[in-house]
Structures are given as structure tokens and as C-alpha cells.
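*Asks:* I'll drop the sequence and a predicted model, then ask my questions.
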Amino acid sequence: MGRHNKKTDSHIRRNSVIALTGLVPIGLITAANTAGATPKVPFLSTSSSSEVADVAQEATDTAPEAAEAVTPAAETAAEAAPAAEAPAPPALAPVQATPPLPESIAQGALGIPAISVAAYQNAERVLAVEQPGCGMYWTLIAGIGRVESTHAYDGKADDKGNMLKPVLGPVLDGSLGGNAVIRDTDGGKLDGDANYDRAVGPTQFLPETWNRYAGDGNGDGVADPQNLFDSALTTGKYLCDGGLNVKDPIQAAKAVHRYNNSAAYVANVLAWSAGYSSGIIPAATDLPRIH
């Protein structure tokens, strides 16, 4: 989301929660360059002078063999120089290995649907090229996805990462306790409300923040908050903002805290991230209730 804050932050969590393990309330609100996308990416003068023509004819008559042996310079250059090839795209960093994880939360607490894993890992690869100093790793983005929408409601997306049903947070009109009042910033384009804002997508961005950090993770030319690849990349870009290096645990915590101004939220995200990296389910003490 952007600038999460329980009351005034621009990144707003949904009021309703899903407790998959009985220990963690999970917000129903839920990350480009593109997901691995690469940019698709002699003059001859003549003379009418008869003298010039005569000289040329004389040279031809006196040296026929030489004339036959001459190869036009343009052809020689074309043969000598191989055709120019398009520059190779930058190499994408390999995604770090993790223990085998269930593909559904129904199979275990650490379950991540394959489409979500693909989106998170794609964001890591893209950011390794775009922002190598950030050190982004896919399990950190996965921690956000787990807490915000339980990985898009346990994979409720098509094979291209598009949500089968849009993920929308509550209308931020002040009617729900603990939520700030945020008037519309996008004319309802992203959230369907022209009066007040709502957080959008599986990693829950307010429209204003989405428009600032939006990334096209699947390379289709559109940054859509309801697409897993786009939302995962945008989440990674937001976490990297400010020159942070999330390989440093302190800076990773700082990045997540900025995403949502809640110590409990940070603890949950980092605990799930560590769980996905190690294959060890977070302990109850690692998962404080998010208010």
C-alpha cells in the first residue's frame, strides 16, 4: 500500500482478517520494468562533364583486368563485417533456493500457490537488474502477500496472474474504527470509488501510492494492481525505496515498517518470510496479533 498506518498511513489494511493457523489474523487487503520483459528493445554523385567520361573510358580500356578485379567498397565492407546483432538482454539473477513448500495453504501453513511464487520470484529477478543495491529476495515480498491477502486468497488468480475477483479494501470514509478518512485521489479509476479511496490488489496499495511506484511485472504494457506479477513488483519497488538494502535485517524491518506502521505487522511479515526461506513454520510468539 503506501505509507501504511493504522489510522493515517496511506497503506491501509482491511478490517476483516483470516486466521489460517489460528495464530495470525490476516488482512483481506492485500507487488515492471516488467516481469522479465526486455525492451524490444553513401551518396553517389555524377558528372555530365565529357572530360571526366573520357578519362574513365581510357582507364577502363588500358586496364581491363584491373577493372574486372575491383570489388565495390560497399560490398567489401558488407562481407568483411558481420551483420550487427541486437544487444543481449541483461542477465537476470537466479532466484534463491528454498525448501519445497506446499502449493496451497490447505496443505500446510507455509503453502504458497505456484502462480504467487512465480510472481514473487519474478519481482526478485527484475529488481536484481533494476535496483541491485536493494538486495530484494522473493520471500520478503511473499511475507507481505501472506499477511495482506493470504497470497491472493490462496491463488484465486488465472494463469497470467490476474485476480479472478478484484481485491478491494474497505471504503476509507471513516465508517470503520481505526481507519483514516482518505478522499478520492484517482477519480475512482483503480478502486471504483470517486468519493473515497480504497486499497487495491493482493498487496493492498492506495491508488495514490500505486500510481507512484507501479511496476509492470508481466510486461504487457500495463501496471495493474489486480495482477499478481504487477503487484509483487510494485511491492518490491516500494520496499526498496530510499536506497534500503533489505539483506540487512534492520533495513528490512525498516522497509516493512514503512509499508505498515505497526510493529506487529512487521513481526508477522518477517516471520513468514523466514518461514518460507527455511521451511519452518513460525512460532506463535513470532506472530503477534495485528490490530
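*Replies:* Good, I have the coordinates.

*Asks:* Low-confidence regions, the stretch 1-150 of the chain specifically.
*Replies:* 1-93 (pLDDT under 70).

*Asks:* hmm, try it at 90
*Replies:* 1-98 (pLDDT under 90).

*Asks:* all helices of this structure, in order?
*Replies:* With DSSP state H applied, the chain shows helices at 50-62, 64-69, 73-80, 114-130, 138-155, 207-213, 228-240, 249-259, 263-278, listed in chain order.

*Asks:* Pick the most deeply packed of the ones you listed.
*Replies:* Of all the helices of the chain, helix 228-240 carries the top mean neighbour count, a mean of 31, counting by mean count of other CB atoms under 10 Å. From N, CA and C alone the C-beta is placed, and that goes for glycine too.

*Asks:* Run through the residues that contact the closest residue to Ala255 other than its chain neighbours.
*Replies:* In space, Ala255 comes closest to Leu239 once its chain neighbours are excluded; the distance is 4.3 Å by CB to CB, 6 or more residues apart in numbering. Leu239 is in contact with 134, 136, 140-141, 144, 246, 255-256, 259, counting by CB atoms under 8 Å, 6 or more residues apart in numbering.

*Asks:* Switch the residues you listed over to CSV; also include distance to Asp286.
*Replies:* Below are the contacts of Leu239 laid out as CSV (distance: CB to CB, whole Å):
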residue, distance to Asp286
Cys134, 24
Met136, 22
Leu140, 15
Ile141, 18
Ile144, 16
Val246, 18
Ala255, 18
Val256, 14
Tyr259, 18
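
*Asks:* that older thread, how near is the residue nearest to Ala255 to Asn261?
*Replies:* 14 Å (CB to CB, to the nearest Å).

*Asks:* Using CSV, write out the CA atom coordinates for stretch 271-285.
*Replies:* The C-alpha coordinates for stretch 271-285 follow below in CSV (Å, rounded to 0.1, in the frame of the first residue of the first chain):
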residue,chain,number,x,y,z
ALA,A,271,8.3,-14.3,10.5
TRP,A,272,6.5,-15.6,7.4
SER,A,273,9.4,-14.6,5.2
ALA,A,274,11.9,-16.5,7.4
GLY,A,275,9.5,-19.5,7.3
TYR,A,276,9.4,-19.6,3.5
SER,A,277,13.2,-19.4,3.4
SER,A,278,13.8,-22.1,6.0
GLY,A,279,10.7,-24.3,5.7
ILE,A,280,10.0,-23.9,9.4
ILE,A,281,6.5,-22.7,10.4
PRO,A,282,6.7,-19.5,12.5
ALA,A,283,6.1,-19.9,16.2
ALA,A,284,3.1,-18.4,17.9
THR,A,285,5.4,-15.9,19.6
